[in-house]
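Show me how the following folds:
(one chain, ligands or ions: 2)
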Amino acid sequence: MAEINAVTKLVVQDGIAIITVNNPPVNALAHVVREGILHAAKQAIADDAVRAIVLGCEGRTFFAGADITEFGKPLKAPGLDEVIGALEASPKPVVAAIFGTALGGGLEVALGCHFRVASADAKVGLPEVKLGILPGAGGTQRLPRLVGPEKAVAMIVGGTPVGAKAAFADGIIDEIVAEPIPGAIAFAHRALAENWPLVRVRDREEKILATRGNPAAFEAAAKSALKKFAGVEAPNACAQSVRNAFTLPFEDGIKAERDLFMKLVTGDQSRAQRHIFFAEREAAKVPDMPLGVKAAPIKKAVVIGGGTMGGGIAMCFANAGVPVTIVETTDEFLAKGLERIKSTYAVSVERGALSQDAMEKRMGFIAGTTDWDVIKDTDIVIEAVFEEMGLKQEIFGKLDKLAKPGTLLASNTSTLDVDAIANATSRPADVVGMHFFSPANVMKLLEIVRGKDSSHQSIATAIAAGKILGKIPVVVGNCDGFVGNRMLARRTTECERLLLEGALPQDVDAVVQKFGFPMGPYAMGDLAGLDVGWRIRKHRGVKAPVSDALCEQGRYGQKTGKGYYIYESGARTPTPDPEVIKLAAAKAEELGIMRRNISETEIFERMFYPMINEAARILEEGIAVRASDIDVVWAYGYGWPVWQGGPCFYADLMGAKKIVEALNHYAELTGDAGLKPAKLLEDLAASDGKFESFKVAAKAAA
Ligand code: 3HC
Ligand code: NAI
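Ligands and ions are numbered 1, 2, ... in the order given. You can find the predicted model right below:
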């Protein structure tokens, strides 16, 4: 055996050279790996005793892609293209032994091999688009030659990996094997014994010639894949590069791919997406978490309240295969809650997203009861009853009496003080907030609210539970609205003001959508129901003249067919309503507000800058420990476009100085001192500083 370098080994066994790489955690194709593979391949090719080569990995996966931390820095040779070129040019068969996740550059390396075998649970894909780039090591040119440009464009623009079985059916994988390296060795022996021809993927012309002759199906597939990506650079570049695969010779296609890659990787959109990739992983790390704190196991769960949120949370447990029991007040409410869950699953079955079998299996994990005895034997309780402090305190008092020691007691409250809830128990250390977002079975964000007494163990368990449920957990401090809703409240205030001052809902929504949000704030309000905010405002004694008046007229949004917009006969598309403008004008007159034309720039600044200002306060108060945590909250809980990186990332692009100047102007214009820049933002402006500097080096994962 030869150690090629710190991460690469080469063994020759019975005429087969086995190159293995071990670069934890995910065998990213860092410089040392590229160098190792290249040297090992050259050595194996030059060795007369070697008749075939197997390329595989140790650890938990085949190469999961290029090393993303190297992007934006000068490339150190050899590049991936050189490594792939050497493997592809080998006169001896090269077999990739895939397991785990062969993603991005990992799959591109495998596509440079003559053959690919994979274990049955492996996944392969080109997810580069999710990092704001395109496959830059030949993936857009080789994959279409294997699966056809139509399938390739869907896979590359969508970026979603496929399982080994599907990859085998599409011809990406040549064989499914029980063990990757032994399987690849056996495969190589067969290739030699039967003298299989060495056809390079780049030379497989049949499928691209067919598309060249008739590109209509490709163009339809590209259009469909690009539907939701207007204005986003990477998906469009991906589609263009796949198109090049059948319109240009291979070498020209590769060159064009390289040029597009370089343009994207140095651009702001990709920087933003890479920021979110790392921010998401960082968010689950708690800076002061002592080493050695272990999350408690989650084998059984209870959800109190089977309403909108409780039902969704129960589905999350069932989807993860964790038995969950819903506790409701009456059999009737329980039946209603279970029925709602069933019909939500049924819609997925109808859409073909879930099989009937899977649905039944998931329903099998969900039980319901009105008997609180079930609390005695559970690892976690998530309370999701009405948003009333008295009721929540009563429930936590009851939980305290019934739950075994160590059960995590969590509240899904969206506005209430988690400490006040915890104080209703004799074990506040075991209490946290677990703020899911609606619909809970869909939305990825989970704000974990740390009370003043929440123990490290409770936080670690809540993070672990979030991960089991497929969520992205972000630990936040306890305050009104936590991180996300607290910032959103600033935008909502501006929405109301803008209407009074003369802006139209459709104009404001258009500005927010143009930025990349799936929906504008008024359309969103209509979808969620305007009565929700109205009830909260009444409770708090706060007024919003236009929104209150709409609710007083019974205009609650989509559910009543009218809100900020009209929804004709059950339609979900908003139609602007002149009555709303009349109403806003009348309210403005009552309040002595002069209406005027409001520019797109002003709308933009008033939608986004007050939220950035609140983010600064949140950091000042330590409610979020890192600026990037705030970005994760907005990307996964509120639809902030990932290619815009989140509010703090975006603020850094804008520069704090510009934001501070604008906020001072709007504070004067509106007379709202709350719009005055936060101290932290002013400091950033004065020092030309960045939110980016608010990060914590902590590496201790919970
Ligand atoms: N480069 C550098 N670091 C990476 C990485 C990569 N490609 N992929 C993962 N990591 C790091 C993560 O940041 C994390 O670091 P941390 O422990 O310090 O937080 C660690 O590896 C483990 O990652 P996860 O927590 O995500 O581990 P999981 O087991 O949950 O998921 C995975 C594993 C599915 C491989 C997931 O990490 C993933 O999706 N990675 C990115 C895959 C990808 O996008 N590949 C394409 C890269 S771009 C490319 O190849 C360009 C080429 O075309 C030229
Ligand atoms: P909901 O009104 O749909 O459901 C509440 C359920 O709790 C009802 O089914 C009710 O019967 C049940 N319930 C009431 N008292 C109970 C008791 N003593 N024991 C057992 N069950 C009881 O309310 P929703 O929307 O699901 O909200 C629940 C919680 O989630 C609230 O705290 C809310 O603030 C929070 N939340 C709501 C979000 C939303 O968008 N709806 C988003 C995030 C959090």
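
For whatever residue of the stretch 201-350 of the chain ends up closest to ligand 2, report the pLDDT, please.
Residue nearest to ligand 2 within the stretch 201-350 of the chain: G307 (1.8 Å; C-beta to the nearest ligand atom). For the C-beta atoms, the positions are set from N, CA and C on the backbone; glycine is no exception. We have a pLDDT of 95 for G307.

That one - how many residues pack around it?
16 (other C-beta atoms under 10 Å).

With G622 instead?
9.

which non-adjacent residue is nearest it?
Excluding its sequence neighbours, the residue lying closest to G622 (C-beta to C-beta, 6 or more residues apart in numbering) is G477, at 6.1 Å.

Can you give me the distance of that neighbour to I581?
Plainly put, G477 is 40 Å away from I581 if you go by C-beta to C-beta, to the nearest Å.

Which strands and helices lie in contact with the helix or strand of the chain with the lowest mean pLDDT?
The weakest-scoring helix or strand in the chain, judged by mean pLDDT, DSSP states H and E, is helix 530-540 (a mean of 90). Using 3 or more C-beta pairs under 8 Å, 6 or more residues apart in numbering; DSSP states H and E, the elements in contact with helix 530-540 are helix 545-552.

mind pulling up the phi and psi values for the residue nearest to G622?
Main-chain torsions, G477, degrees, to the nearest 10: phi -80, psi 170.

Would you mind listing the residues in contact with L354?
Residues in contact with L354 (C-beta atoms under 8 Å, 6 or more residues apart in numbering) are 345, 348.

hmm, 10 Å instead?
Taking C-beta atoms under 10 Å, 6 or more residues apart in numbering, we find L354 in contact with 319, 345-348, 361-362.

did I read that right, it in a strand?
No. Counting by DSSP: H, G, I helix; E, B strand; the rest coil, L354 is not found in a strand; it is coil.

quick one: pLDDT of it?
pLDDT, L354: 96.

So for stretch 254-262, what gets flagged as buried?
254, 256-258, 260-261 (16 or more other C-beta atoms under 10 Å).

Turn those into JSON lines, columns for distance to ligand 2.
Output for these, formatted as JSON lines (distance: C-beta to the nearest ligand atom, whole Å):
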{"residue": "I254", "distance to ligand 2": "48"}
{"residue": "A256", "distance to ligand 2": "46"}
{"residue": "E257", "distance to ligand 2": "43"}
{"residue": "R258", "distance to ligand 2": "46"}
{"residue": "L260", "distance to ligand 2": "41"}
{"residue": "F261", "distance to ligand 2": "40"}
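
now, which of those sits nearest K392?
Using C-beta to C-beta, F261 is the member of the buried residues of stretch 254-262 that sits closest to K392, with 52.0 Å.

The residue nearest the centre of the chain: which element?
The centroid of the chain falls nearest to Y636 when counting by C-alpha atoms, centre = their mean (5.7 Å). Assigned by DSSP states H and E, Y636 falls within helix 627-637.

hmm, that helix in reach of ligand 1?
No. Against ligand 1, helix 627-637 shows no contacts by C-beta under 6 Å from any ligand atom, the least distance being 12.2 Å.

pLDDT of that helix, averaged?
Mean predicted confidence for helix 627-637 is 98.

which other helices and strands contact that helix?
On a contact count with 3 or more C-beta pairs under 10 Å, 6 or more residues apart in numbering; DSSP states H and E, helix 627-637 meets helix 268-283, strand 431-436, strand 445-450, strand 472-477, helix 484-501, helix 600-620, helix 647-654.

Quick one: list the elements packing against the longest one.
The contact analysis (3+ C-beta pairs under 10 Å, 6+ apart) places helix 600-620 against helix 484-501, helix 505-515, helix 627-637, helix 647-654, helix 656-670, helix 679-687.

Off-centre distance for stretch 90-108?
Counting by C-alpha atoms, centre = their mean, to the nearest Å, stretch 90-108 is centred 27 Å from the centre of its parent chain.

coming back round to it: my guess is the residue nearest to G622 contacts I630, does it?
No. Taking contacts as C-beta atoms under 10 Å, G477 lies outside contact range of I630: 11.9 Å.

more neighbours, these two?
I630 (34 against 17).

coming back round to it: for the residue nearest to G622, give me the pLDDT.
pLDDT, read off for G477, is 97.

Flag every residue of this structure that's near ligand 2.
Going by C-beta under 6 Å from any ligand atom, the residues of the chain near ligand 2 are 304-310, 327-329, 333, 337, 384-387, 391, 395, 412-414, 436-438.

ok so, going back, ok, so of the buried residues of stretch 254-262, who is nearest ligand 1?
F261 (6.8 Å).

Just the mean pLDDT for the helix or strand that contains the closest one, thanks.
Assigned by DSSP H and E, F261 belongs to helix 250-265. Averaging pLDDT along helix 250-265 yields 97.

Export it to CSV, keeping only CA atoms.
Extracted C-alpha coordinates of helix 250-265, given in CSV (Å, rounded to 0.1, in the frame of the first residue of the first chain):
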residue,chain,number,x,y,z
PHE,A,250,-17.7,19.1,-26.1
GLU,A,251,-14.6,21.3,-25.7
ASP,A,252,-16.5,24.5,-26.4
GLY,A,253,-19.3,23.5,-24.1
ILE,A,254,-16.7,22.9,-21.3
LYS,A,255,-15.1,26.2,-21.9
ALA,A,256,-18.5,28.0,-21.8
GLU,A,257,-19.4,26.1,-18.6
ARG,A,258,-16.1,27.3,-17.0
ASP,A,259,-16.7,30.9,-18.0
LEU,A,260,-20.2,30.8,-16.6
PHE,A,261,-18.9,29.2,-13.4
MET,A,262,-16.3,31.8,-12.9
LYS,A,263,-18.8,34.6,-13.4
LEU,A,264,-21.3,33.1,-11.0
VAL,A,265,-18.9,32.1,-8.2
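
Find residues that contact each of G477 and I630.
483, 618, 623-624.

Please render these as a markdown table that adds pLDDT to the earlier fields.
Output for the shared contacts of G477 and I630, formatted as a markdown table (pLDDT from 0 to 100):
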| residue | pLDDT |
| --- | --- |
| V483 | 98 |
| I618 | 97 |
| I623 | 96 |
| A624 | 96 |
